[in-house]
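> Quick check, what structure comes out for this input:
(4 chains)
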Protein chains: 2
Amino acid sequence: MPKYQPALDAVFHALADPTRRAVIERLGRGPRAVSQLAEPFAMAMPSFLQHLRVLEKAGLIRSRKTGRVRTITLAPRQLKKAEGWLHTQRDLWEQRLDQLDFLLITFKEQS
Amino acid sequence: MPKYQPALDAVFHALADPTRRAVIERLGRGPRAVSQLAEPFAMAMPSFLQHLRVLEKAGLIRSRKTGRVRTITLAPRQLKKAEGWLHTQRDLWEQRLDQLDFLLITFKEQS
DNA sequence: CTGATACTTAGGCATTTGCCTAAGTATATC
DNA sequence: GATATACTTAGGCAAATGCCTAAGTATCAG
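Okay, the predicted model is just below:
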């Protein structure tokens, strides 16, 4: 049993929103200013900033302010952690299915 | 730009809770009855059932009632979908880093 | 048929979320 | 110095979340 990782709470919560996932997708192509990121969304700036705060708290993005512009960068470590958890679960599941297959084959050969 | 997948909202939301992740982890070893699943958690049954409802709505588990016992099974398809999304994001990120490396090397060679 | 078991439904309540408007503050630009 | 730009803070509000207790219903066991 993997121990409880509070970080995953924040990461998965952050990814549960379409706006926030879209931000992550855009940041894959490289850093962007806040207003640039916000542009495609029909949303007031303060609402959008809240999404960025959620992403930053989850450790999925970093931000640095230069002059009056804040630039946002993707921070992939937590993304990998989430991917790792999912991968582990799939592994477990598939291992179990293989065991079932083995049992079924053994069973067949007996008949 | 991948199109908006509402299913991911539900899946990531479901995974954002430690109780629900623990349920998924346990189900990796095979189907379980509701009361069996609920046993490790210091939580009233109705509260636990709500978590199961969230997982089922997200398509992460299936449940079937036989007699008075409801048996819960892991349904890995949505889990894979989430893993796929994360994998795509990582790919994008790494591709971009490779391009940056290339640029840096080209730059060095010029000097 | 009487209990015990395994959920299930109904309702309540504090907190969190996701959005908003209005009014700041801190750079640039003219 | 006046105006525009790029956030930022403060506050408000409806809906969703995560927990609870109390009171069902539907098997199963004796």
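
> Tell me who's in contact with the residue nearest in space to the middle of chain A.
Geometric centre of chain A, nearest residue: residue A:79, 4.5 Å, by CA atoms, centre = their mean. By CB atoms under 8 Å, 6 or more residues apart in numbering or on different chains, residue A:79 lies in contact with A:11, A:24, A:60, B:86, B:89-90, B:93. C-beta: built from backbone N, CA, C; applies to glycine.

> Could you report the distance from it to residue B:66?
Residue A:79 is 40 Å from residue B:66, where distance means CB to CB, to the nearest Å.

> Then residue A:53?
47 Å.

> Just want to know which of those two has more residues nearby.
Taking other CB atoms under 10 Å in any protein chain shown, residue A:53 and residue B:66 do not tie; residue A:53 has more neighbours (13 against 8).

> Which strand or helix spans the more buried one?
Using DSSP states H and E, residue A:53 sits in helix A:45-57.

> okay, that helix in PDB with CA atoms only?
Taking C-alpha atoms only, helix A:45-57 is exported to PDB below (Å, rounded to 0.1, in the frame of the first residue of the first chain):
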ATOM      1  CA  MET A  45      -9.000  38.400 -14.700                       C
ATOM      2  CA  PRO A  46      -9.400  37.800 -10.900                       C
ATOM      3  CA  SER A  47     -11.200  34.500 -11.600                       C
ATOM      4  CA  PHE A  48      -8.400  33.500 -13.900                       C
ATOM      5  CA  LEU A  49      -5.800  34.400 -11.400                       C
ATOM      6  CA  GLN A  50      -7.500  32.100  -8.900                       C
ATOM      7  CA  HIS A  51      -7.000  29.200 -11.300                       C
ATOM      8  CA  LEU A  52      -3.300  30.100 -11.500                       C
ATOM      9  CA  ARG A  53      -3.000  30.200  -7.700                       C
ATOM     10  CA  VAL A  54      -4.500  26.700  -7.600                       C
ATOM     11  CA  LEU A  55      -2.000  25.500 -10.100                       C
ATOM     12  CA  GLU A  56       0.900  27.100  -8.300                       C
ATOM     13  CA  LYS A  57      -0.100  25.700  -4.900                       C
END
